[in-house]
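1. Make a model of this:
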Amino acid sequence: MQFLRLITIMEDLKNRLKLLENDLKKLENHLKKGLATGTKKDWEHILHQTRKIEELAISQLTILRIQDKKTT
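-> Numbers count the residues shown, from 1 in each chain. Next comes the predicted model:
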């Protein structure tokens, strides 16, 4: 059960990283065309994706710390 949960978390993380990468490429293309560095909405979306990735990482670190305490 725990293994399946970890696989799901990793898939979610990979998907969020891919979305973030796509958003950053979009902004890079704007820069190459000499356009503004993106809209407010573009940056809010990037911020949202970054926060979700951070939340996943924090939750996994918390789980690892709890597991470490149980084994010591």
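2. quick one: which helix or strand includes residue 34?
-> Using DSSP states H and E, residue 34 sits within no helix or strand.
3. Identify the residues contacting it.
-> Shown in contact with residue 34 (CB atoms under 8 Å, 6 or more residues apart in numbering): no residues. The C-beta positions use only the backbone N, C-alpha and C, and glycine is treated the same way.
4. mind checking how far the strand or helix carrying residue 20 is from the chain centre?
-> In the assignment (DSSP H and E), residue 20 maps to helix 2-32. With CA atoms, centre = their mean, to the nearest Å as the basis, helix 2-32 stands 6 Å off its chain's centre.
5. same question, stretch 51-63
-> Taking CA atoms, centre = their mean, the mean C-alpha location of stretch 51-63 is offset from the chain mean by 9 Å.
6. All further residue positions should be reported with the first residue as 10.
-> From this message on, residue numbering opens at 10, which makes the last subject stretch 60-72.
7. Go through that stretch and flag the buried ones.
-> 61-62 (16 or more other CB atoms under 10 Å).
8. Show me where this structure dips below the pLDDT cut-off.
-> Segments of the chain classed as low confidence (criterion: pLDDT under 70) are 10.
9. so after the helix holding residue 29, what's the next helix or strand?
-> As assigned by DSSP H and E, the chain's next helix or strand after helix 11-41 is helix 49-80.
10. Which elements pack onto that following helix?
-> If contacts are counted by 3 or more CB pairs under 8 Å, 6 or more residues apart in numbering; DSSP states H and E, helix 49-80 sits against helix 11-41.
11. And the helix it packs on, what's buried?
-> For helix 11-41, burial by neighbour count (16+ other CB under 10 Å) applies to 25, 28-29, 32, 36.
12. Contacts only, for the residue lying farthest from the centre of the chain.
-> Of all residues in the chain, residue 81 has its C-alpha farthest from the mean position, at 31.1 Å, by CA atoms, centre = their mean. If you count contacts by CB under 8 Å, 6+ apart, residue 81 has none.
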